[in-house]
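> Provide a 3D model corresponding to the input given below.
(one chain, ligands or ions: 1)
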Amino acid sequence: MTLSTWRYAHLALAIISSVFLVMASVTGAILAIDAIQEKMPAYRVANFNEITLAQSIPALHKKYPEISEISVDHNGFVLLKAFDSGGNEIDGYVNPETGEVLGKPVEKSAFIQWNIALHRSLFLKETGRLIIGVISFLLVLIAISGFALVVQRQRGISKFFTKVIKEYFFQYYHVISGRLILIPVLIIALTGTYLSTARFQLFPLDNTKHKEIIVVDEIPEQRNIADFKVFNTTKLESVQKVEFPFADDPEEFYTLKLNDKELIVNQFTGKIESEIKYPITLLLENLSLDLHTGRTNIIWAIVLAIACLNILFFIYSGFAITLKRRATKIKNKYKAKDAEYILLVGSENGSTFRFANAIHEQLNVQGKASYLVQLNNYTIFPKAKHLLVFTSTYGLGDPPSNGNKVLQLIDRYPQKHKIGFSVVGFGSHAYPDFCVFAKQIHEKLSAQEWANAVTDLFTVDDKSAVDFVNWVKEWSAKTEIELAKTPALYAKKPKGLHKMMVLDKTTISESEQTFMLTIRVPARTKFTSGDLLAIYPANDNRERLYSVAKCNGNVQLVVKLHPEGLGSGYLNNLNIGSVIKARMVTNASFHQPKNKAIAMIANGTGIAPFLGMILQGKKTIPHSLYVGFRNETQLVKHHQSFLEKQIKQQKLQKYQIAFSREQNHCYVMDLIRTDADYLAQLLNNDGVIMICGSLLMQQDVEKVLDEICQEFNSKPLSYYKDQKQLLTDCY
Ligand SMILES: Cc1cc2nc3c(=O)[nH]c(=O)nc-3n(C[C@H](O)[C@H](O)[C@H](O)COP(=O)(O)O)c2cc1C
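Reported below is the predicted structural model:
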């Protein structure tokens, strides 16, 4: 069967059974937890597996002269029904070796009984049991089709447990957890199905009865139960129930109901008078019950509980995968017969549609008659000038399911006039057959008389917008049709954005092109100085990142307005009270090291994260700052007064400012040179240097620091870099 057939079978079965499966999984998990709990007051004695009936029965008789029955449940608890020598009735769990009463059997709570009824029969009696039986069987089929899908995805049974390539969260964990929990799910499903069939007596019944017993042996004078062979060879663990003889009458016997057979035993001689072996169907029913409920083994009960919860995750993630696949809507303004640009898309999970749609929309905006269609809808396109094929590859270089017929269709529908074509393959180098199906289409089209290749085959690895733009540039140049060439436009839209409000903003002027913004982030946002704020100024996927200071729980940015700057222009246009959509990006490699002396080096807007780090600093840890600006502007004065305040509060040990365009022309490198001794010592004493600002400044500063390290510490700067004593965030 092909991948898509298995996939449709898997999906159809899941849809049909999902509601019942959810109910059965939830109640199943509750009952599995109940089975675990049931074992908690442990009435099972330590050497239970060793005790024989010959040891237990005489011991119990000593304490309880009148015993009617002993039963042993699936937990290994021994339940005694008897009267003691005082004539008191006993009905409880006992120690089988001493007769000590350990506890009373407890009835299942109403809640658990309600769950059992729902799980077994949906409160619909026989009809419900039938439905549950069918659902169990569907679960068997789902597990089998799921197994086949994993085998196909991993390319063979032998690679079943090899690495799964992560495409996205739901797809990845659906496969990963599916592989791990497949066997328990299959066992739950098979045993559930068997229990239902047994309930409806689909297998022939075994009505074997004990033969009529005629006792021929004489009654011995002394009866010694401990010597009965059958009691000596029967351990408690293989016993379900022992029914005791009513009276000292030769017609009364012991009835031993064991796990696999039933025996009638002479109460005077210990002779087995009759034996019935249970039919295999009954043994299977008991085994199914043990496996389905986890009643005999706590570890298995835990596995069952996990498997039930996992079924819920399968259902959720399975539907999330399907919805993602189906989310792609095709909107066409033109009909196939009128269109000049035919965009044929082969896609399994929908991502290739995103790229094709981006081209389709641009052609439409330019008034070109574009028609987007799935590969399998290939037909005659009477007015087509350009055929663009965008297709992914699956399995062993196989087509995606909406493109599995296209190679035959190309043969069946030869176009009637010359058409230019171009093929873009979407695939992943993680798979050995990279973009093989796109190659096949390219070759197929190249062999058609009517087809002219406008470009060579282009390939896109792992949905790379940059790779895609390489094709856009080439096709656009060849056809002279203008298309957007910024990769960000073809990349995935950002997710997880939060609303954030502008609390404060300084203004710019002719002499001051840098401004400061204070933004309130949602209450539970975790961030610290040195992290980045990601904004999307054009409401598309173009992202701009700004290094932040954390001041009183708010984000503080220092931004320089660039003439054509997308991000800086957007931020500058915001007013106090404006709300933006943005997200915080953790920048762990530029977090303030704890309990270490720090020298901070910055130029221009690079001061931003340090303003927060100084505020967050401790009085006992020395922090120093070296910063360079062009001119002494209003904002710089604002920074100065902030730094003075921090010096007074002992959060900052010292700071120095260099102005490159003021009279004395000083650069941040000059400040570092004059403090060489201090910085060399700082590094020697395990301190850290942090640099934030322009890449050019970083290069120059690192050069000077290297000279200092060589001169004072006889070590290169790279030594301290390796020790993580030099942290940088430059742009
Ligand atoms: C199960 C599976 C099998 C894949 N097999 C291949 C393959 O054989 N060759 C390849 O180049 N890419 C392979 N890929 C990667 C996809 O072709 C690639 O992610 C593509 O961008 C998906 O596009 P779509 O979302 O439009 O289907 C495979 C992906 C998955 C999930």
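> centroid-nearest residue for the chain?
residue 173 (4.4 Å; Cα atoms, centre = their mean).
> count of neighbours near the nearest residue to residue 50 once chain neighbours are set aside?
Of all residues not flanking residue 50 in the chain, residue 235 sits nearest, at 7.3 Å (Cβ to Cβ, 6 or more residues apart in numbering). For every residue, glycine as well, the C-beta is placed using N, CA and C. Neighbours of residue 235 under the rule other Cβ atoms under 10 Å: 18.
> and for the residue nearest to residue 160 when sequence neighbours are not counted, the neighbour number?
Residue nearest to residue 160 in three dimensions, not counting chain neighbours: residue 154, with 5.7 Å by Cβ to Cβ, 6+ apart. When neighbours are counted by other Cβ under 10 Å, residue 154 registers 18.
> residue 154 against residue 165, yeah?
No. Between residue 154 and residue 165 there is no contact under Cβ atoms under 8 Å: 9.6 Å.
> which parts of stretch 164-173 are buried?
Buried residues in stretch 164-173, counted by 16 or more other Cβ atoms under 10 Å: 164, 167, 170, 171, 173.
> measure it end to end?
Using Cα to Cα, to the nearest Å, the end-to-end distance of stretch 164-173 comes out at 9 Å.
> now tell me what touches it from outside.
With Cβ atoms under 8 Å, 6 or more residues apart in numbering as the test, stretch 164-173 has contacts from 153-154, 175-176, 179, 313, 317, 320-321, 324, 349, 428, 430-431.
> mind listing what the closest residue to residue 572 other than its chain neighbours touches?
Closest residue in space to residue 572, ignoring its immediate chain neighbours: residue 561 at 5.1 Å, by Cβ to Cβ, 6+ apart. Applying Cβ under 8 Å, 6+ apart, we find residue 561 in contact with 508, 513, 514, 515, 568, 569, 572.
> any idea how far residue 561 is from residue 508?
Look at residue 561 and residue 508: by Cβ to Cβ, to the nearest Å, they are 6 Å apart.
> just want the phi and psi numbers for the residue nearest to residue 50.
phi -90, psi 150 (degrees, to the nearest 10).
> same question, residue 17
Main-chain dihedrals, residue 17, degrees, to the nearest 10: phi -100, psi 0.
> list the contacts of it.
So residue 17 contacts 135, 138, 139, 142 (Cβ under 8 Å, 6+ apart).
> with residue 516 instead?
Contacts of residue 516 (Cβ under 8 Å, 6+ apart): 504, 505, 506, 556, 557, 558, 559, 635, 638.
> pull out the buried residues from the residues you listed.
Buried by 16+ other Cβ under 10 Å: 505, 506, 556, 557, 558, 559, 635, out of these.
> nearest to residue 604 among those residues?
Distance to residue 604, by Cβ to Cβ, is smallest for residue 558 among the buried ones among the contacts of residue 516, at 8.1 Å.
> quick one, what contacts the closest one?
Residue 558 neighbours (Cβ under 8 Å, 6+ apart): 514, 515, 516, 549, 605, 607, 608, 611, 635.
> just the contacts of residue 561: which are in helices?
568, 569, 572 (DSSP state H).
> the second one against residue 537, yeah?
Yes. Between residue 569 and residue 537 there is a contact at 7.4 Å, judged by Cβ under 8 Å.
> residue numbers of the chain in contact with the ligand?
153, 167, 347-352, 392-395, 397, 400, 426-428, 431, 433-435, 463 (Cβ under 6 Å from any ligand atom).
> which among those residues count as buried?
153, 167, 347-352, 392-395, 397, 400, 426-428, 431, 434-435, 463.
> grab the nearest non-local neighbour of residue 580.
residue 500 (5.6 Å).
> how much space between that neighbour and residue 575?
Distance from residue 500 to residue 575, by Cβ to Cβ: 14 Å.
> next one: stretch 47-54 to chain centre, how far?
In terms of Cα atoms, centre = their mean, to the nearest Å, the centre of stretch 47-54 is set 47 Å apart from its chain centre.
> meant to ask about stretch 218-227, not that
67 Å.
> cool, stretch 476-493 as well?
For stretch 476-493, the distance to the chain centre is 34 Å (Cα atoms, centre = their mean).
> in it, what counts as buried?
476, 479, 481, 483, 487, 489, 490, 491.
> surely the second one and residue 388 touch.
Same thing as residue 479. No. The pair residue 479 / residue 388 is not scored as a contact, 10.1 Å apart, by Cβ under 8 Å.
> name the residue of the chain that lies nearest to the ligand.
Using Cβ to the nearest ligand atom, the single residue of the chain nearest to the ligand is residue 427, 2.2 Å away.
> which residues touch that residue?
With Cβ under 8 Å, 6+ apart, residue 427 has these contacts: 392, 393, 433, 434, 435, 436, 438, 459, 460, 461.
> and the last one, how many neighbours does it have?
It stands for residue 461. Using other Cβ under 10 Å: residue 461 sits among 15 other residues.
> need the helices for the stretch 151-300 of the chain, in chain order.
169-199, 229-233, 280-293, 298-326 (DSSP state H, counting those that start in this stretch).
> can I get those in TSV including mean pLDDT?
Formatted as TSV, these follow (pLDDT from 0 to 100):
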stretch	mean pLDDT
helix 169-199	90
helix 229-233	94
helix 280-293	91
helix 298-326	88
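> go through these and name the closest to residue 67.
Taking those one by one with Cβ to Cβ, helix 229-233 is closest: 13.7 Å.
> buried stuff in the closest one?
So helix 229-233, judged by 16+ other Cβ under 10 Å, has buried residues 230, 231.
> end-to-end on stretch 637-657?
Taking Cα to Cα, stretch 637-657 runs 11 Å from one end to the other.
> who's in contact with it?
The contact list for stretch 637-657 (Cβ under 8 Å, 6+ apart) reads 506, 516, 607, 611, 614-615, 617-619, 622-629, 636, 671, 675.
> contacting residues for residue 460?
355, 424, 425, 426, 427, 467, 468, 471.
> quick check: bridge partners of it?
Residue 460 forms beta bridges with residue 426, as assigned by DSSP bridges.
> that one and residue 453, how far apart?
18 Å.
> setting the sequence-adjacent residues aside, check what's closest to residue 595.
residue 621 (6.2 Å).
> is the one you found in contact with residue 596, as I believe?
Yes. Residue 621 is within contact range of residue 596, at 6.9 Å (criterion: Cβ under 8 Å).
> any weak-confidence spans in the stretch 301-450 of the chain?
Along the stretch 301-450 of the chain, segments meeting pLDDT under 70 span 325-329.
> all helices of it, in order?
Going by DSSP H, counting those that start in this stretch, the stretch 301-450 of the chain shows helices at 351-365, 406-412, 436-446.
> of those helices, which is nearest residue 98?
Closest of those to residue 98 is helix 351-365, at 69.9 Å (criterion: Cβ to Cβ).
> helices along the stretch 451-600 of the chain, start to end?
Using DSSP H, counting those that start in this stretch, the helices of the stretch 451-600 of the chain run over 465-479, 566-572.
> mind putting those helices into TSV with mean pLDDT?
Formatted as TSV, the helices of the stretch 451-600 of the chain follow (pLDDT from 0 to 100):
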stretch	mean pLDDT
helix 465-479	93
helix 566-572	94
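> reformat those helices as JSON lines; add distance to residue 159.
Conversion of these to JSON lines gives the following (distance: least, Cβ to Cβ, whole Å):
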{"stretch": "helix 465-479", "distance to residue 159": "28"}
{"stretch": "helix 566-572", "distance to residue 159": "46"}
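> quick one: which of these is nearest residue 383?
helix 465-479 (16.2 Å).
> how about that closest one: buried residues?
465, 467, 468, 469, 470, 471, 472, 475, 476, 479.
> can you get me a residue count around residue 526?
By other Cβ under 10 Å, neighbour count at residue 526 equals 8.
> show me which of the contacts of stretch 637-657 are buried.
506, 516, 607, 611, 614-615, 617, 622-629, 636, 671, 675.
> from the residues you listed, which land in helices?
Going by DSSP H, the helices hold 611, 614, 615, 636, 671 from the buried ones among the contacts of stretch 637-657.
> quick revisit: who are the contact partners of the residue nearest to residue 595?
Here residue 621 is in contact with 595, 596, 597, 598 (criterion: Cβ under 8 Å, 6+ apart).
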